[in-house]
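Requesting a structural model of the entry that follows:
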Amino acid sequence: MPDKHRRDSSHGGSQRQLRVGELVRHALADMLTRGEVHDPVIEGHMITIPEVRVTADLRLATIYVMPLGGRDADQVVAAFERHKKYLRAEIAHRINLKFAPDIRFRVDDRFAEAERIDKLLRSPDVKRDLKHDEESE
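Model prediction:
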């Protein structure tokens, strides 16, 4: 019989990891909504937190951020990194865990990657190859 935790982790994490990730995401989003992170870069952007991934041992949370339109994404991540200690303490205070996970920030580039793939699929070369494959069947 397959190990339940191994099966769960291959599909984005266990229920506990997903729950903790959502708690961290909601806590940080709430802080941003209330303007509790005092940094000119962060205050000057509309920022979404689309996902938080937590390791299996719940010791590290990777927080994916995306400023509206992808504008100044690297500067926004750097601003979050500057406030990492404060943010971790606030998140620990807001969620009920024995230990607060260490946090790191990354740009959420899924939308840019999806757009790149979409453009590639619409390219004349791919359309030609797909049409050729349909005709040969």
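
For the residue positioned nearest the centre of the chain, pull up the helix or strand it's in.
Central residue of the chain (C-alpha atoms, centre = their mean): Tyr64, 2.7 Å from the mean position. Element membership of Tyr64 [criterion: DSSP states H and E] is strand 60-67.

Spell out which strands sit alongside that strand in the sheet and which way each one runs.
strand 47-54 (antiparallel), strand 102-107 (parallel) (DSSP bridges).

picking up where we left off before, contacts only, for the residue nearest to the centre of the chain.
Going by C-beta atoms under 8 Å, 6 or more residues apart in numbering, Tyr64 touches Ile49, Pro50, Glu51, Val52, Arg53, Phe105, Arg106, Val107, Asp108. Quick note: C-beta positions are derived from backbone N, CA and C, even for glycine.

For the first one, give me its contacts.
This points to Ile49. Arg25, Leu28, Ala29, Leu32, Ile63, Tyr64, Val65.

Same question for the third one.
Contacts for Glu51 (C-beta under 8 Å, 6+ apart) come out as Gly21, Arg25, Tyr64, Asp108.
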